[in-house]
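Enquirer: using only what follows, build the 3D model:
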Amino acid sequence: MKLTCISCMKREEIEAVTKVNWYYVDQNTGPQHIYQYDSSPQELKGPWKGRLDWNGSKDLQDVSISIKNVTVNDSGTYECEVHRTFYFNLYTPTFSSKLRIKLEVRETAVRDPTALYSEIMMYVLLVFLTFWLLVEMIYCYRKISKSDEQAQDSATDYLAIPSENKENPGPAVTE
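Expert: Sure thing, here's the model as predicted:
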């Protein structure tokens, strides 16, 4: 299960140091620090140890993590906290952002109606395109057979010798 957190920098050519902290927010005990990125990914001790993977990008605009072997107990609120320090010549501004993600894990999967609609549309489109192809084939076959009949009729008319000339053929052609 990927927990997506995106924090875009406006200009990539500006040098920046990025620190990312992930928390699991328990309603009873408060936030519990579960993952940290400070120059490199660092998994912290706790119930998530060995189950979290860094899924962010190299430029640190996507600072997401993934949970392996998700259970119903993983349901809850997660918080992504990003701190950036930008380095200009004499000025070092900082930027911080927080994103809360509510994760609900269910025992059984719920079928998404979008998948059902797209599957129905796919079959409707398949039937429609097959029918259209069949109509086009019949149309082309009829058109080709008509043109063949017309070509045969004109060839027959051209090669036909009138019946009155059959008994008295004209003079022989000599070279």
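
Enquirer: do a quick rundown of the helices in this protein.
Expert: 113-159, 164-167 (DSSP state H).

Enquirer: need the mean per-residue confidence for the first one.
Expert: Right, the one you point to is helix 113-159. For helix 113-159, the mean pLDDT works out to 84.

Enquirer: got it, and the last one?
Expert: Helix 164-167 carries an average pLDDT of 54.

Enquirer: now do stretch 99-109
Expert: 85.

Enquirer: give me the contacts around that stretch.
Expert: 1, 3-5, 7, 25, 70-80, 82 (C-beta atoms under 8 Å, 6 or more residues apart in numbering). (C-beta placed from N, C-alpha, C; glycine too.)

Enquirer: show the buried residues in the residues you listed.
Expert: Neighbour-count burial (16 or more other C-beta atoms under 10 Å) applied to these gives 3, 5, 7, 74, 78-80, 82.

Enquirer: compile the residues you listed into a markdown table and extend it with columns for pLDDT.
Expert: Output for the buried ones among the contacts of stretch 99-109, formatted as a markdown table (pLDDT from 0 to 100):
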| residue | pLDDT |
| --- | --- |
| Leu3 | 83 |
| Cys5 | 82 |
| Ser7 | 80 |
| Asp74 | 85 |
| Tyr78 | 92 |
| Glu79 | 94 |
| Cys80 | 92 |
| Val82 | 92 |
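
Enquirer: going by distance to Thr18, which of those wins?
Expert: For the buried ones among the contacts of stretch 99-109, the minimum distance to Thr18 (C-beta to C-beta) is 6.7 Å, reached by Val82.

Enquirer: would you mind giving the helices of the chain as CSV with mean neighbour count and distance to Ile65 added?
Expert: Converted to CSV, those look like this (neighbours: other C-beta atoms under 10 Å; distance: least, C-beta to C-beta, whole Å):
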stretch, mean neighbour count, distance to Ile65
helix 113-159, 10, 26
helix 164-167, 8, 97
